[in-house]
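Q: Quick one, what's the 3D model for this:
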Amino acid sequence: MRRFALLLALVVAVLLGGARPSLADTPEARAREFFNVGVQAYNAGQFLAAGQAFIEARKLVDKSALLFSIGQAFRRQFMVDQKNAHLRLAVDHYRNYLDAVKTGGRRLQAAQALSELAPYIAAMEQEGGGSEAVVFSTRLMLSSPTPGAVVTLDGGAVHEAPLSQEVKPGRHKVVVQAPGYFPEERELEAVEGGLVALDVPLKGQPALLTVDGADGAEVTVDGRSLGTAPFARPLELSPGHHYVAVTEGGYKAYASELAFEHGATTKLTLDLPQTNQRTASYVVLGTAVGAYAATGVLVGLAYTHQGDANDIADAQAAGTITEEQRLDHNAAVGARDDLATAAFITLGAGSAVAITGLLLYLLDQPDVKPPPVRLDEPSDEGPATEPDPGLDVLAAPVLGPGLFGLSARVRF
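A: Below you'll find the model as predicted:
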(Lines give C-alpha, C1' and ligand atoms only; values in the text may rest on other atoms or scores of the structure.)
Protein backbone atom coordinates (compact mmCIF):
# COMPACT_ATOMS: atom_id res chain seq x y z
CA MET A 1 0.00 0.00 0.00
CA ARG A 2 2.82 2.36 0.88
CA ARG A 3 4.55 1.58 -2.43
CA PHE A 4 1.34 2.40 -4.30
CA ALA A 5 1.04 5.73 -2.50
CA LEU A 6 4.62 6.66 -3.40
CA LEU A 7 4.02 5.72 -7.03
CA LEU A 8 0.83 7.80 -7.12
CA ALA A 9 2.64 10.79 -5.62
CA LEU A 10 5.39 10.46 -8.25
CA VAL A 11 2.85 10.36 -11.09
CA VAL A 12 1.06 13.46 -9.74
CA ALA A 13 4.37 15.31 -9.41
CA VAL A 14 5.33 14.47 -13.00
CA LEU A 15 1.94 15.58 -14.28
CA LEU A 16 2.07 18.85 -12.34
CA GLY A 17 5.63 19.47 -13.46
CA GLY A 18 4.69 18.84 -17.08
CA ALA A 19 1.81 21.31 -16.78
CA ARG A 20 4.13 24.20 -16.03
CA PRO A 21 4.50 26.64 -18.91
CA SER A 22 7.88 26.88 -20.58
CA LEU A 23 9.86 30.10 -20.45
CA ALA A 24 8.89 30.76 -24.06
CA ASP A 25 5.19 30.91 -22.99
CA THR A 26 5.63 33.48 -20.23
CA PRO A 27 4.28 37.03 -20.67
CA GLU A 28 7.82 38.41 -20.47
CA ALA A 29 9.00 36.11 -23.27
CA ARG A 30 6.03 36.98 -25.48
CA ALA A 31 6.54 40.68 -24.77
CA ARG A 32 10.20 40.29 -25.71
CA GLU A 33 9.18 38.77 -29.04
CA PHE A 34 6.73 41.60 -29.78
CA PHE A 35 9.38 44.10 -28.79
CA ASN A 36 12.08 42.54 -30.97
CA VAL A 37 9.91 42.48 -34.10
CA GLY A 38 8.80 46.03 -33.29
CA VAL A 39 12.40 47.26 -33.15
CA GLN A 40 13.23 45.60 -36.48
CA ALA A 41 10.06 47.03 -38.06
CA TYR A 42 10.96 50.48 -36.71
CA ASN A 43 14.47 50.29 -38.13
CA ALA A 44 12.97 49.22 -41.47
CA GLY A 45 10.68 52.27 -41.53
CA GLN A 46 7.50 50.29 -40.79
CA PHE A 47 6.40 52.61 -38.00
CA LEU A 48 2.70 51.69 -37.83
CA ALA A 49 3.56 48.01 -37.49
CA ALA A 50 6.23 48.85 -34.91
CA GLY A 51 3.74 50.84 -32.86
CA GLN A 52 1.25 47.98 -32.99
CA ALA A 53 3.96 45.54 -31.79
CA PHE A 54 4.99 47.85 -28.93
CA ILE A 55 1.35 48.18 -27.84
CA GLU A 56 1.02 44.38 -27.74
CA ALA A 57 4.21 44.14 -25.67
CA ARG A 58 2.85 46.79 -23.29
CA LYS A 59 -0.28 44.70 -22.76
CA LEU A 60 1.89 41.84 -21.51
CA VAL A 61 4.41 43.63 -19.29
CA ASP A 62 4.14 46.87 -17.33
CA LYS A 63 7.27 48.57 -18.57
CA SER A 64 7.20 52.36 -18.67
CA ALA A 65 9.91 52.44 -21.30
CA LEU A 66 7.45 50.93 -23.78
CA LEU A 67 5.30 54.08 -23.50
CA PHE A 68 8.18 56.07 -24.92
CA SER A 69 8.71 53.52 -27.72
CA ILE A 70 5.03 53.66 -28.67
CA GLY A 71 5.16 57.45 -28.77
CA GLN A 72 8.23 57.38 -31.00
CA ALA A 73 6.69 54.91 -33.46
CA PHE A 74 3.42 56.83 -33.88
CA ARG A 75 5.21 60.16 -34.11
CA ARG A 76 7.27 58.80 -37.01
CA GLN A 77 4.09 57.43 -38.57
CA PHE A 78 2.39 60.83 -38.21
CA MET A 79 5.29 62.44 -40.02
CA VAL A 80 4.59 60.05 -42.88
CA ASP A 81 0.78 60.22 -43.21
CA GLN A 82 -0.20 63.33 -41.15
CA LYS A 83 -3.13 61.48 -39.57
CA ASN A 84 -4.36 63.07 -36.36
CA ALA A 85 -5.19 59.68 -34.86
CA HIS A 86 -1.51 58.76 -34.99
CA LEU A 87 -0.54 62.14 -33.59
CA ARG A 88 -2.97 61.63 -30.69
CA LEU A 89 -1.45 58.23 -29.90
CA ALA A 90 2.05 59.69 -29.93
CA VAL A 91 1.10 62.61 -27.67
CA ASP A 92 -0.84 60.46 -25.19
CA HIS A 93 2.00 57.97 -24.79
CA TYR A 94 4.63 60.69 -24.39
CA ARG A 95 2.53 62.29 -21.65
CA ASN A 96 1.89 58.96 -19.97
CA TYR A 97 5.60 58.29 -20.02
CA LEU A 98 6.34 61.63 -18.34
CA ASP A 99 3.74 60.84 -15.69
CA ALA A 100 5.21 57.38 -15.07
CA VAL A 101 8.89 58.36 -15.06
CA LYS A 102 9.39 61.28 -12.72
CA THR A 103 13.16 61.57 -13.09
CA GLY A 104 15.83 60.35 -15.47
CA GLY A 105 15.03 57.91 -18.24
CA ARG A 106 14.04 59.53 -21.52
CA ARG A 107 12.17 62.48 -20.01
CA LEU A 108 14.26 65.04 -21.87
CA GLN A 109 13.63 63.37 -25.24
CA ALA A 110 9.92 62.95 -24.53
CA ALA A 111 9.55 66.59 -23.52
CA GLN A 112 11.51 67.70 -26.59
CA ALA A 113 9.30 65.56 -28.84
CA LEU A 114 6.14 67.11 -27.35
CA SER A 115 7.62 70.55 -27.83
CA GLU A 116 8.36 69.85 -31.50
CA LEU A 117 4.85 68.46 -31.96
CA ALA A 118 3.22 71.46 -30.27
CA PRO A 119 2.20 73.21 -33.53
CA TYR A 120 0.58 70.02 -34.80
CA ILE A 121 -1.15 69.46 -31.45
CA ALA A 122 -2.57 72.99 -31.46
CA ALA A 123 -3.85 72.58 -35.02
CA MET A 124 -5.41 69.20 -34.17
CA GLU A 125 -7.18 70.54 -31.07
CA GLN A 126 -8.41 73.58 -32.95
CA GLU A 127 -9.93 71.33 -35.60
CA GLY A 128 -11.30 68.98 -32.96
CA GLY A 129 -9.53 66.02 -34.54
CA GLY A 130 -7.66 63.09 -33.09
CA SER A 131 -10.69 61.53 -31.44
CA GLU A 132 -11.03 58.81 -34.03
CA ALA A 133 -9.69 55.43 -32.96
CA VAL A 134 -6.88 53.69 -34.75
CA VAL A 135 -8.17 50.39 -36.12
CA PHE A 136 -5.37 47.90 -36.54
CA SER A 137 -5.59 45.34 -39.29
CA THR A 138 -4.94 41.62 -38.94
CA ARG A 139 -1.20 41.47 -39.33
CA LEU A 140 1.76 39.11 -39.24
CA MET A 141 5.15 40.50 -38.26
CA LEU A 142 8.11 38.25 -38.87
CA SER A 143 11.68 39.13 -38.02
CA SER A 144 15.02 37.45 -37.42
CA PRO A 145 18.27 38.63 -35.87
CA THR A 146 20.13 36.44 -38.37
CA PRO A 147 22.00 38.49 -41.01
CA GLY A 148 20.54 38.15 -44.51
CA ALA A 149 17.35 36.43 -43.32
CA VAL A 150 14.42 36.28 -45.77
CA VAL A 151 10.82 35.32 -45.15
CA THR A 152 8.31 33.44 -47.28
CA LEU A 153 4.63 33.69 -46.34
CA ASP A 154 2.20 31.00 -47.52
CA GLY A 155 4.55 29.97 -50.33
CA GLY A 156 4.53 33.44 -51.87
CA ALA A 157 7.31 35.83 -52.76
CA VAL A 158 10.52 36.05 -50.79
CA HIS A 159 10.85 39.16 -48.58
CA GLU A 160 13.76 40.49 -46.62
CA ALA A 161 13.23 40.32 -42.87
CA PRO A 162 11.50 41.98 -41.14
CA LEU A 163 8.20 41.35 -42.89
CA SER A 164 5.04 43.14 -41.75
CA GLN A 165 2.03 42.15 -43.82
CA GLU A 166 -1.73 42.32 -43.52
CA VAL A 167 -3.29 38.86 -43.75
CA LYS A 168 -6.67 37.21 -43.51
CA PRO A 169 -7.62 35.54 -40.22
CA GLY A 170 -6.71 31.86 -40.08
CA ARG A 171 -3.63 29.65 -40.33
CA HIS A 172 -0.55 30.77 -42.23
CA LYS A 173 2.71 29.05 -43.04
CA VAL A 174 5.97 30.98 -42.84
CA VAL A 175 9.52 29.97 -43.72
CA VAL A 176 12.54 31.93 -42.52
CA GLN A 177 15.92 31.19 -44.10
CA ALA A 178 19.35 32.70 -44.65
CA PRO A 179 22.52 31.61 -46.44
CA GLY A 180 24.56 29.31 -44.20
CA TYR A 181 21.72 28.69 -41.75
CA PHE A 182 19.14 25.96 -41.32
CA PRO A 183 15.69 27.16 -42.41
CA GLU A 184 12.85 27.39 -39.89
CA GLU A 185 9.24 26.63 -40.81
CA ARG A 186 6.33 27.69 -38.59
CA GLU A 187 2.54 27.69 -38.71
CA LEU A 188 0.78 30.70 -37.18
CA GLU A 189 -2.84 31.46 -36.36
CA ALA A 190 -3.95 35.01 -37.20
CA VAL A 191 -6.93 36.46 -35.33
CA GLU A 192 -9.21 39.19 -36.68
CA GLY A 193 -7.73 42.59 -35.82
CA GLY A 194 -4.84 40.99 -33.97
CA LEU A 195 -1.10 40.99 -34.38
CA VAL A 196 0.96 37.82 -34.56
CA ALA A 197 4.65 38.55 -33.98
CA LEU A 198 7.43 36.05 -34.45
CA ASP A 199 11.14 36.66 -34.05
CA VAL A 200 13.04 33.64 -35.40
CA PRO A 201 16.77 33.27 -34.71
CA LEU A 202 18.17 30.72 -37.14
CA LYS A 203 20.62 27.99 -36.22
CA GLY A 204 23.83 28.28 -38.20
CA GLN A 205 25.11 25.44 -40.33
CA PRO A 206 28.64 24.29 -39.49
CA ALA A 207 31.57 25.49 -41.54
CA LEU A 208 33.23 22.71 -43.55
CA LEU A 209 36.89 21.95 -44.30
CA THR A 210 38.25 19.51 -46.89
CA VAL A 211 41.92 18.54 -47.20
CA ASP A 212 43.16 16.99 -50.47
CA GLY A 213 46.62 15.94 -51.65
CA ALA A 214 48.08 15.34 -48.21
CA ASP A 215 47.27 11.67 -47.59
CA GLY A 216 48.89 10.44 -44.39
CA ALA A 217 49.28 13.93 -42.95
CA GLU A 218 47.82 14.89 -39.58
CA VAL A 219 45.32 17.76 -39.53
CA THR A 220 45.04 19.93 -36.43
CA VAL A 221 42.71 22.87 -35.83
CA ASP A 222 43.59 25.33 -33.07
CA GLY A 223 46.08 22.80 -31.72
CA ARG A 224 43.54 19.95 -31.56
CA SER A 225 44.13 16.90 -33.75
CA LEU A 226 41.21 15.93 -35.99
CA GLY A 227 42.83 12.86 -37.51
CA THR A 228 44.85 11.86 -40.57
CA ALA A 229 43.98 12.69 -44.15
CA PRO A 230 42.17 11.61 -46.23
CA PHE A 231 38.82 11.99 -44.46
CA ALA A 232 35.61 10.23 -45.44
CA ARG A 233 33.64 13.48 -45.23
CA PRO A 234 34.36 17.18 -44.71
CA LEU A 235 35.41 18.30 -41.25
CA GLU A 236 32.82 20.38 -39.40
CA LEU A 237 34.04 23.52 -37.63
CA SER A 238 32.44 26.43 -35.87
CA PRO A 239 32.36 29.67 -37.88
CA GLY A 240 35.12 32.19 -37.22
CA HIS A 241 38.90 32.17 -37.40
CA HIS A 242 40.74 28.88 -36.89
CA TYR A 243 44.42 27.99 -37.04
CA VAL A 244 44.75 25.01 -39.38
CA ALA A 245 47.94 22.93 -39.55
CA VAL A 246 48.68 19.96 -41.82
CA THR A 247 51.81 18.05 -40.84
CA GLU A 248 53.65 14.88 -41.81
CA GLY A 249 57.11 13.71 -40.83
CA GLY A 250 59.68 14.53 -43.52
CA TYR A 251 57.55 17.25 -45.13
CA LYS A 252 57.33 20.98 -44.57
CA ALA A 253 54.22 21.81 -42.53
CA TYR A 254 51.29 23.88 -43.76
CA ALA A 255 49.94 26.24 -41.10
CA SER A 256 47.64 29.19 -41.59
CA GLU A 257 44.82 31.04 -39.89
CA LEU A 258 41.68 30.73 -42.01
CA ALA A 259 38.27 32.37 -41.79
CA PHE A 260 35.27 30.04 -41.84
CA GLU A 261 31.65 30.98 -42.49
CA HIS A 262 28.32 29.31 -41.77
CA GLY A 263 27.57 26.62 -44.34
CA ALA A 264 30.62 27.44 -46.50
CA THR A 265 33.24 24.86 -47.51
CA THR A 266 36.92 25.76 -47.36
CA LYS A 267 39.02 23.52 -49.61
CA LEU A 268 42.72 22.91 -48.99
CA THR A 269 44.60 21.25 -51.86
CA LEU A 270 48.16 20.69 -50.70
CA ASP A 271 51.39 19.24 -52.04
CA LEU A 272 53.66 19.31 -49.01
CA PRO A 273 57.31 19.73 -50.10
CA GLN A 274 59.89 17.33 -48.71
CA THR A 275 62.28 18.81 -46.14
CA ASN A 276 65.99 19.18 -46.77
CA GLN A 277 66.65 17.00 -43.73
CA ARG A 278 64.59 14.15 -45.17
CA THR A 279 66.48 14.44 -48.47
CA ALA A 280 69.79 14.42 -46.58
CA SER A 281 68.71 11.35 -44.60
CA TYR A 282 68.04 9.47 -47.84
CA VAL A 283 71.48 10.47 -49.18
CA VAL A 284 73.20 9.40 -45.97
CA LEU A 285 71.29 6.12 -45.81
CA GLY A 286 72.18 5.51 -49.46
CA THR A 287 75.84 6.07 -48.60
CA ALA A 288 75.51 3.54 -45.76
CA VAL A 289 74.03 1.00 -48.16
CA GLY A 290 76.99 1.61 -50.48
CA ALA A 291 79.37 1.06 -47.58
CA TYR A 292 77.65 -2.22 -46.72
CA ALA A 293 77.88 -3.27 -50.35
CA ALA A 294 81.60 -2.43 -50.37
CA THR A 295 82.01 -4.46 -47.17
CA GLY A 296 80.44 -7.42 -48.89
CA VAL A 297 82.83 -7.09 -51.85
CA LEU A 298 85.83 -6.87 -49.54
CA VAL A 299 84.69 -9.91 -47.56
CA GLY A 300 84.23 -11.83 -50.82
CA LEU A 301 87.71 -10.96 -51.98
CA ALA A 302 89.11 -11.95 -48.58
CA TYR A 303 87.42 -15.34 -48.87
CA THR A 304 88.92 -15.74 -52.35
CA HIS A 305 92.45 -15.16 -51.05
CA GLN A 306 91.70 -17.43 -48.11
CA GLY A 307 90.75 -20.14 -50.59
CA ASP A 308 94.00 -19.67 -52.49
CA ALA A 309 95.98 -19.93 -49.28
CA ASN A 310 94.07 -23.09 -48.29
CA ASP A 311 94.78 -24.74 -51.64
CA ILE A 312 98.53 -24.19 -51.24
CA ALA A 313 98.38 -25.40 -47.63
CA ASP A 314 96.61 -28.56 -48.78
CA ALA A 315 99.32 -29.14 -51.45
CA GLN A 316 102.01 -28.74 -48.81
CA ALA A 317 100.28 -31.30 -46.60
CA ALA A 318 100.22 -33.81 -49.47
CA GLY A 319 103.88 -33.33 -50.33
CA THR A 320 106.31 -30.57 -50.98
CA ILE A 321 105.67 -27.14 -52.52
CA THR A 322 107.96 -24.91 -54.44
CA GLU A 323 109.41 -21.66 -53.17
CA GLU A 324 107.13 -19.77 -55.51
CA GLN A 325 104.08 -21.54 -54.03
CA ARG A 326 105.26 -20.68 -50.53
CA LEU A 327 105.55 -17.02 -51.52
CA ASP A 328 102.08 -17.14 -53.12
CA HIS A 329 100.66 -18.63 -49.91
CA ASN A 330 102.14 -15.86 -47.80
CA ALA A 331 100.87 -13.21 -50.26
CA ALA A 332 97.34 -14.71 -50.19
CA VAL A 333 97.28 -14.69 -46.40
CA GLY A 334 98.50 -11.09 -46.31
CA ALA A 335 95.91 -10.00 -48.86
CA ARG A 336 93.22 -11.83 -46.90
CA ASP A 337 94.16 -10.02 -43.70
CA ASP A 338 94.31 -6.62 -45.40
CA LEU A 339 90.90 -7.16 -47.01
CA ALA A 340 89.38 -8.33 -43.72
CA THR A 341 90.70 -5.22 -41.99
CA ALA A 342 89.34 -3.00 -44.77
CA ALA A 343 85.97 -4.80 -44.60
CA PHE A 344 85.80 -4.29 -40.83
CA ILE A 345 86.65 -0.58 -41.18
CA THR A 346 84.13 -0.15 -43.99
CA LEU A 347 81.46 -1.96 -41.98
CA GLY A 348 82.05 0.29 -38.99
CA ALA A 349 81.99 3.43 -41.08
CA GLY A 350 78.86 2.27 -42.89
CA SER A 351 77.14 1.54 -39.59
CA ALA A 352 77.99 5.00 -38.28
CA VAL A 353 76.67 6.55 -41.47
CA ALA A 354 73.53 4.40 -41.26
CA ILE A 355 72.87 5.50 -37.67
CA THR A 356 73.33 9.12 -38.71
CA GLY A 357 70.88 8.71 -41.59
CA LEU A 358 68.37 6.93 -39.36
CA LEU A 359 68.56 9.70 -36.78
CA LEU A 360 68.10 12.30 -39.50
CA TYR A 361 65.04 10.39 -40.68
CA LEU A 362 63.47 9.82 -37.28
CA LEU A 363 64.12 13.31 -35.95
CA ASP A 364 62.68 15.00 -39.03
CA GLN A 365 59.41 16.10 -37.41
CA PRO A 366 57.44 19.15 -38.59
CA ASP A 367 57.82 22.36 -36.64
CA VAL A 368 54.53 24.26 -36.32
CA LYS A 369 54.28 27.61 -34.61
CA PRO A 370 51.56 27.90 -31.95
CA PRO A 371 48.29 29.51 -33.09
CA PRO A 372 48.18 33.28 -32.72
CA VAL A 373 46.17 34.90 -29.95
CA ARG A 374 43.28 36.91 -31.37
CA LEU A 375 42.27 39.90 -29.31
CA ASP A 376 39.15 40.71 -31.35
CA GLU A 377 37.27 37.52 -30.51
CA PRO A 378 35.62 36.64 -27.19
CA SER A 379 37.34 34.17 -24.94
CA ASP A 380 35.78 30.93 -23.75
CA GLU A 381 35.40 32.40 -20.29
CA GLY A 382 32.43 34.51 -21.36
CA PRO A 383 31.54 38.04 -20.26
CA ALA A 384 32.77 39.34 -16.95
CA THR A 385 29.24 40.32 -15.89
CA GLU A 386 25.80 38.94 -16.64
CA PRO A 387 23.55 41.06 -18.89
CA ASP A 388 20.52 42.78 -17.39
CA PRO A 389 17.47 40.67 -18.32
CA GLY A 390 15.02 43.54 -17.84
CA LEU A 391 13.42 45.56 -20.62
CA ASP A 392 14.91 48.97 -21.12
CA VAL A 393 14.52 51.18 -24.18
CA LEU A 394 17.62 53.29 -23.80
CA ALA A 395 17.16 55.38 -26.91
CA ALA A 396 14.95 55.95 -29.92
CA PRO A 397 14.81 58.54 -32.70
CA VAL A 398 13.83 62.11 -31.91
CA LEU A 399 12.50 63.81 -35.03
CA GLY A 400 10.81 67.07 -35.80
CA PRO A 401 9.49 68.58 -39.01
CA GLY A 402 12.22 68.37 -41.60
CA LEU A 403 14.58 66.51 -39.26
CA PHE A 404 15.34 62.86 -39.99
CA GLY A 405 17.70 60.58 -38.10
CA LEU A 406 17.97 57.50 -35.94
CA SER A 407 20.00 56.68 -32.89
CA ALA A 408 18.80 53.68 -30.92
CA ARG A 409 20.20 51.56 -28.12
CA VAL A 410 17.86 48.92 -26.78
CA ARG A 411 18.03 46.43 -23.92
CA PHE A 412 15.30 43.97 -23.03
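Q: measure stretch 179-186 end to end?
A: 18 Å (CA to CA, to the nearest Å).
Q: hmm, I was thinking of stretch 183-198
A: With CA to CA as the measure, stretch 183-198 spans 15 Å from end to end.
Q: Contacts made by that stretch with the rest, please.
A: The set of residues that contact stretch 183-198 without belonging to it, under CB atoms under 8 Å, 6 or more residues apart in numbering, is 33-34, 37-38, 52-53, 56, 135-143, 167-177, 200, 202-203. Backbone N, C-alpha and C define where each C-beta goes, glycine included.
Q: Model confidence score at Met124, please.
A: At Met124 the predicted local distance difference test score is 84.
Q: swap in the one 4 residues further on?
A: Looking at Gly128, its pLDDT stands at 72.
Q: List the ones among the contacts of stretch 183-198 that fall in helices.
A: Among the contacts of stretch 183-198, the residues falling in helices (DSSP state H) are Glu33, Phe34, Val37, Gly38, Gln52, Ala53, Glu56.
Q: For the fourth one, grab the count of nearby residues.
A: The burial count assigned to Gly38 is 33, neighbours taken as other CB atoms under 10 Å.
Q: My guess is it contacts Ala73. True?
A: Yes - with contact defined as CB atoms under 8 Å, Gly38 and Ala73 form a contacting pair (7.3 Å).
Q: What ranges in this protein fall below the confidence cut-off?
A: 1-24, 129-131, 372-412 (pLDDT under 70).
Q: ok, back up a step: dump the ones in helices among the contacts of stretch 183-198 to CSV, plus distance to Thr295.
A: Conversion of the ones in helices among the contacts of stretch 183-198 to CSV gives the following (distance: CB to CB, whole Å):
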residue, distance to Thr295
Glu33, 86
Phe34, 90
Val37, 87
Gly38, 90
Gln52, 96
Ala53, 92
Glu56, 95
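Q: Of all pairs in those, which one is the farthest apart?
A: Spanning the widest gap among those are Glu33 and Gln52, at 13.5 Å by CB to CB.
Q: Looking at these two, which is more packed in?
A: Set side by side, Glu33 and Gln52 show unequal neighbour counts under other CB under 10 Å, the larger going to Gln52 at 27 against 22.
Q: tell me, what residue is most central in the protein?
A: Pro239 (1.9 Å; CA atoms, centre = their mean).
Q: Quick check: that one vs Leu270, distance?
A: 23 Å (CB to CB, to the nearest Å).
Q: where do the strands sit along the stretch 101-250 of the chain?
A: Secondary structure of the stretch 101-250 of the chain by DSSP state E, counting those that start in this stretch: the strands cover 139-143, 150-153, 158-160, 163-166, 170-177, 184-190, 195-199, 207-212, 218-221, 224-228, 235-237, 240-247.
Q: Out of those, which is closest to Ala288?
A: Closest among those, using CB to CB: strand 240-247, at 27.2 Å.
Q: Need the residues touching each of Gly38 and Ala73.
A: Taking CB under 8 Å, 6+ apart as the contact criterion, the common neighbours of Gly38 and Ala73 are Ala50, Gly51, Phe54.
Q: Quick one: list the elements packing against the host helix or strand of the first one.
A: Secondary structure assigned from DSSP states H and E places Ala50 in helix 47-60. The contact analysis (3 or more CB pairs under 8 Å, 6 or more residues apart in numbering; DSSP states H and E) places helix 47-60 against helix 27-43, helix 64-81, helix 84-100, strand 139-143, strand 195-199.
Q: Need the contact partners of it.
A: When contacts are taken as CB under 8 Å, 6+ apart, the neighbours of helix 47-60 outside the stretch itself are 27-28, 30-32, 34-35, 37-39, 41-42, 63, 66-67, 69-70, 73-74, 76-77, 80, 86, 89, 136, 139, 141, 164, 195, 197.
Q: and the strands of the stretch 101-250 of the chain, which is most packed in?
A: The highest mean neighbour count among those belongs to strand 139-143 (a mean of 25), with neighbours defined as mean count of other CB atoms under 10 Å.
Q: how far is that strand from where the chain is centred?
A: Here the centre of strand 139-143 is set off from its chain's centre by 29 Å, with CA atoms, centre = their mean, to the nearest Å.
Q: Counting by contacts, list what that strand packs against.
A: Contacts defined by 3+ CB pairs under 8 Å, 6+ apart place strand 139-143 against helix 27-43, helix 47-60, strand 150-153, strand 163-166, strand 170-177, strand 184-190, strand 195-199.
Q: Columns distance to Thr228 on top of those, output as JSON lines?
A: Supplementary listing: the helices and strands packed on strand 139-143 in JSON lines, determined by distance: least, CB to CB, whole Å:
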{"stretch": "helix 27-43", "distance to Thr228": "46"}
{"stretch": "helix 47-60", "distance to Thr228": "54"}
{"stretch": "strand 150-153", "distance to Thr228": "41"}
{"stretch": "strand 163-166", "distance to Thr228": "48"}
{"stretch": "strand 170-177", "distance to Thr228": "36"}
{"stretch": "strand 184-190", "distance to Thr228": "37"}
{"stretch": "strand 195-199", "distance to Thr228": "44"}
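Q: Nearest to Thr320, out of the ones you listed?
A: Nearest to Thr320 among the helices and strands packed on strand 139-143 is strand 170-177 (110.7 Å), distances taken as CB to CB.
Q: who does the closest one touch, helix- and strand-wise?
A: Contacts defined by 3+ CB pairs under 8 Å, 6+ apart place strand 170-177 against strand 139-143, strand 150-153, strand 184-190.
Q: from memory Gly148 sits against Pro179, does it?
A: Yes - the criterion here is CB under 8 Å, and Gly148 meets it with Pro179 at 5.7 Å.
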